[in-house]
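> Sharing a model that was predicted from the sequence below.
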Amino acid sequence: MIRGMWVSASALGPAQRAEEILANNLANVSTPGFRQVRFAFQQAAGAAGLPTLPGGAPAPGQAPGLTTQLDLSEASLETTGNPLDLSVVGSGFFAVQGPGGPLYTRDASLVRGLDGTLLHRSGYPILTESGPVVVPDGGTFDVGPDGTVKVDGETFGRLQVVELPDPTNLRLAGRNLIQTDAPVVAIESPQVVQGASEGANADPVETMVEMMAVLRAFQANQSAILTQDSSLGQLIRWASS
């Protein structure tokens, strides 16, 4: 009985973490280029084959762990007409110069800094093979389909567009940026679209359904703890009488 309480209690932490992940996915369904986090409940050692609830949530009596992975699937593009909005078609990611090294994103809705440097919304510069892009006051900024950047009609360099081949080694770095310790692969012929913004790949309806399934699992395990606690109390009172 005490083991049963432990198993039910062990399920609460992963379920709460799953709710936090889903809440973050839901909060970012309108964030350009956002990549949702997917999760899976794993059974504790010796518990393989136990059933799960719809949506992959843990059933009462399980002691699951939680594994997470970034969903790199594409989302739809929306034409904005803003030359500072860039998108990449396919599996590529733009490179951004972070404080500790390169970071990666599908969100390239750029802004122009005070010195003319084109910046990601995080304030970090977007990178070309020649470094950050600087557009002078009144200057023009054009990007070709292969990522070639021209400033005032002169070729500046080509945007760094890379693939992240190891999705298990990706970490969210905040501000819609991704960090990895694994080697990245430069895309030789990227497909870049200027004047378009990619949406998030999180679906609000699907996310809400998953949140409800996980919440029901959390409540079921809470109920199981209370029931077992009550039964254990009755047993103790019977044994001491």
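Thanks, I have it.

> Can you get me a residue count around residue 67?
For residue 67, the neighbour count with other C-beta atoms under 10 Å is 12. To be clear about C-beta, it is placed using only N, CA and C from the backbone, and glycine gets the same treatment.

> What mean pLDDT does the helix or strand where it lies get?
Taking DSSP states H and E as the criterion, residue 67 maps to strand 65-70. The average pLDDT within strand 65-70 is 88.

> Could you break the chain into its assigned domains?
2-73+201-240, 77-198 (automatic domain parsing).

> rank the ones you listed by pLDDT, which is bottom?
Lowest mean pLDDT within these: domain 2-73+201-240, a mean of 78.

> now that domain, how far from the centre of its chain.
19 Å (C-alpha atoms, centre = their mean, to the nearest Å).

> ok so residue 230 is a helix residue?
Yes - counting by DSSP: H, G, I helix; E, B strand; the rest coil, residue 230 is found in a helix.

> burial count for it?
The tally of other residues near residue 230 (other C-beta under 10 Å) stands at 10.

> any idea how far residue 237 is from it?
In this view, residue 230 and residue 237 are 11 Å apart by C-beta to C-beta, to the nearest Å.

> Which SSE is immediately downstream of the strand holding residue 67?
strand 77-79.

> which strands and helices sit next to that next one?
strand 196-198 (3 or more C-beta pairs under 8 Å, 6 or more residues apart in numbering; DSSP states H and E).

> what's the strand it packs on in contact with?
Strand 196-198 is contacted from outside by 32-33, 74-80, 82, 85-88, 106-107, 109, using C-beta atoms under 8 Å, 6 or more residues apart in numbering.

> Recalculate using a threshold of 7 Å.
The contact list for strand 196-198 (C-beta atoms under 7 Å, 6 or more residues apart in numbering) reads 32-33, 75, 77-80, 85, 87, 106, 109.

> Out of those residues, who's the most crowded?
For the contacts of strand 196-198, the largest number of neighbours (other C-beta under 10 Å) sits with residue 87, at 27 neighbours.

> count of residues packed around residue 71?
13.

> swap in the one 10 residues further on?
Here the number of neighbours of residue 81 (other C-beta under 10 Å) works out to 8.

> Do a quick rundown of the helices in this structure.
Counting by DSSP state H, one finds helices in the chain at the ranges 2-27, 204-240.

> Appreciated, that's everything.
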